[in-house]
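Trainee: how does the following fold in three dimensions:
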Amino acid sequence: MLSNRMIVRASLIGALAVGLGALSLLAGSAVVGSVAGSLNATMGGKALEANTTLFSGDRLEVKDGAAVVALGAGSRMGFGGQTEAAFLREAEAVTVTLKAGNVSLYHPTAGGAVRVKIGEWTIEPGKGYATEGEVAMLDGAVMVTAKTGMLKVGDGKRAQDVKTGQTIKIAKAANGPQGAGAGGAVAEHTWTLSNGLEVGGIGVGGVSTFEAIHAGNKVSDLCKSLSPTVPSCP
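Mentor: Purely as a prediction, here's the structure:
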């Protein structure tokens, strides 16, 4: 009888330890933000729904649609179609690593620190500026546009300020041998900042990210349902 009680007690203690461990793990998960709205977007392979909490390490994939994420303190990001991005909560900022596609960001003067990372390049709002900008990966290049305010683009060695109405291009260049055979080396790529600024061209081809992703009525309806809280919504 005593043996059975000891077994039951040990089982209860074990279950309690597992439960506390799970709670501790959840508490330790860094919250990145929440989903304001989405259409044809998934997180970890599951359909993304409004008010979903995003955690550090989450990966977003948008197909033919859009997703809008609130990152705290008034900062927001909108992700266009055919976009893949990963979120990371760091001590000093929320970093969004863009794998493909495009992102439109809004950052108020006193908003939480956010940045977009592509390869070795980091794009972030200038301190003290209310900024609305766009970052789009297109045809082997990255186009960075500051619609209002200022964006800072840098790779740790050099930096460039992109001011209101300016667009800067970062081109993808191969830095290694092109391996064709089974034993050939795979080409390595880096992103190279083009010389000068393309002034006056807002967005890629003169079309803003939000205007591009709102080409379909469903996405436009999503945007309108979120207005006026979402930047650039008609």
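Trainee: and the helices in the protein?
Mentor: Per DSSP state H, the chain carries helices over the ranges 2-28, 209-213, 217-226.
Trainee: tally of neighbours for residue 53?
Mentor: 11 (other C-beta atoms under 10 Å). (Each C-beta comes from the backbone N, C-alpha and C, glycine too.)
Trainee: so what pLDDT did residue 208 get?
Mentor: For residue 208, the pLDDT comes out at 46.
Trainee: just residue 86 next, same as before
Mentor: You'll see residue 86 listed with a pLDDT of 96.
Trainee: also residue 162?
Mentor: 93.
Trainee: beta-bridge partners for the residue lying closest to residue 107 once chain neighbours are set aside, please?
Mentor: Nearest residue to residue 107, sequence neighbours excluded (C-beta to C-beta, 6 or more residues apart in numbering): residue 125, at 4.1 Å. When assigned by DSSP bridges, residue 125 has beta-bridge partners residue 151.
Trainee: spit out the contact partners of residue 125.
Mentor: Shown in contact with residue 125 (C-beta atoms under 8 Å, 6 or more residues apart in numbering): 105, 107, 111, 114, 131, 133, 149, 150, 151, 152.
Trainee: quick check: the second one touching residue 128?
Mentor: Which is residue 107. No. The criterion here is C-beta atoms under 8 Å, and residue 107 misses it with residue 128 at 11.0 Å.
Trainee: and these two? Which one has more around it.
Mentor: Between residue 107 and residue 128, residue 107 has the larger neighbour count (other C-beta under 10 Å), namely 27 against 10.
Trainee: quick check: that one vs residue 147, distance?
Mentor: 12 Å (C-beta to C-beta, to the nearest Å).
Trainee: shared neighbours of those two, anything?
Mentor: With C-beta under 8 Å, 6+ apart as the test, residue 107 and residue 147 both reach residue 132.
Trainee: from the contacts of residue 125, which one has the minimum pLDDT?
Mentor: At the low end of pLDDT for the contacts of residue 125 is residue 111, which has 80.
Trainee: for that one, which non-adjacent residue is closest in space?
Mentor: Of all residues beyond its chain neighbours, the one nearest residue 111 is residue 75 (4.0 Å), with distances taken as C-beta to C-beta, 6+ apart.
Trainee: residues touching the one you found, list them.
Mentor: Taking C-beta under 8 Å, 6+ apart, one finds 94, 105, 106, 107, 108, 111, 112, 114 in contact with residue 75.
Trainee: on the pLDDT front, check it for me.
Mentor: Confidence at residue 75, expressed as pLDDT, is 89.
Trainee: what separation is there between it and residue 128?
Mentor: The span separating residue 75 from residue 128 equals 15 Å under the rule C-beta to C-beta.
Trainee: can you pull the contacts of residue 31?
Mentor: Listed by C-beta under 8 Å, 6+ apart, the contact set of residue 31 reads 53, 54, 55, 56, 89.
Trainee: and those residues, which are buried?
Mentor: 54, 89 (16 or more other C-beta atoms under 10 Å).
Trainee: CSV for the contacts of residue 31, including pLDDT and distance to residue 156?
Mentor: Shown next, in CSV, are those (pLDDT from 0 to 100; distance: C-beta to C-beta, whole Å):
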residue, pLDDT, distance to residue 156
53, 93, 32
54, 93, 27
55, 94, 27
56, 94, 22
89, 92, 21
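Trainee: no more questions from me, cheers.
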